[in-house]
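**Student:** below are the sequence and a predicted model; questions follow.
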Amino acid sequence: MSVTQEEIDRIWKDADCLWSKEQVERAIDTVAQQVEERLEKSNPVILSVMKGGLVFTSKLMMRLSFPMELDYIHVSRYGFGLSGNELQWKVTPQDTIEGRTVLIVDDILDEGQTLASIIEACKAQGAKDVLSAVLVDKKHDRKADPGFKADFTGLDIEDRFIFGYGMDYKGYLRNAAGIYAVKEG
């Protein structure tokens with residue numbers, strides 16, 4: 001899929017700011033405090049979900065004061081598209097997670113299929129406990145499992161296509177300092 005500079009410029013210029021940088025940073029502070037309280041004695045493996053989870057993972061980790069290991073996985077349903085497709089496993093955990101507490105860190109909980117699949121894969125690999133943290137939870141009625149929630153959530157987001165803080169628009173705008181929605185209409 002080809003994306004033009006003009007399209008990216010237009011999306012960025014017309015976007016609605018849903019959460020400012022300051023608001024997002026405060027939400028990450030809150031998540032970090034919750035994670036600290038729950039995992040400080042567990043010697044966890046933090047699994048960052050590439051690419052979207054990279055920014056949230058790095059910001060979250062810098063706020064945690066306990067020992068941990070960091071690894072990553074690369075699973076995608078979106079690619080450069082705007083809607084989810086079949087799950088694609090590109091990279092699995094490099095370190096063993098057997099018998100360990102695992103914290104999966106991702107950018108967004110949309111329909112929940114990707115995160116649920118990652119949790120199940122970690123359990124199948126013998127993880128002792130699997131928890132999840134997402135920067136945003138998109139509120140709508142299309143969840144694969146309506147009761148599915150992350151263990152730690154920074155912000156609830158309305159049902160719009162969003163970008164910033166690691167989330168992208170067709171591979172671009174992950175670096176936006178704030179969370180923005182593509183203009184409707």
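**Tutor:** Ah, there it is. Numbers count the residues shown, from 1 in each chain.
**Student:** which parts of this protein are helices?
**Tutor:** Counting by DSSP state H, one finds helices in the chain at the ranges 5-14, 21-39, 53-61, 113-124.
**Student:** format the CA atom coordinates belonging to the third one as CSV.
**Tutor:** The C-alpha trace of helix 53-61 is given here as CSV (Å, rounded to 0.1, in the frame of the first residue of the first chain):
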residue,chain,number,x,y,z
GLY,A,53,4.1,-1.3,22.3
LEU,A,54,7.6,0.0,22.0
VAL,A,55,6.9,3.6,23.2
PHE,A,56,4.6,2.5,26.1
THR,A,57,7.1,-0.2,27.1
SER,A,58,10.0,2.1,27.3
LYS,A,59,8.1,4.8,29.2
LEU,A,60,6.6,2.2,31.6
MET,A,61,9.9,0.4,32.3
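**Student:** looking at the helices of the chain, spot the one closest to residue 170.
**Tutor:** Comparing the helices of the chain by their distance to residue 170 (CB to CB), the top pick is helix 5-14, with 7.7 Å. Heads up, the C-betas are built off the backbone N, CA and C, glycines and all.
**Student:** per-residue pLDDT, residue 86?
**Tutor:** At residue 86, the model reports a pLDDT of 65.
**Student:** over to residue 79?
**Tutor:** pLDDT, residue 79: 50.
**Student:** same question for residue 143.
**Tutor:** Reported pLDDT for residue 143: 76.
**Student:** what's near enough to touch the residue nearest to it when sequence neighbours are not counted?
**Tutor:** Nearest non-adjacent residue to residue 143, counting by CB to CB, 6 or more residues apart in numbering: residue 112, 5.1 Å away. Neighbouring residues of residue 112 by CB atoms under 8 Å, 6 or more residues apart in numbering: 143-145, 148.
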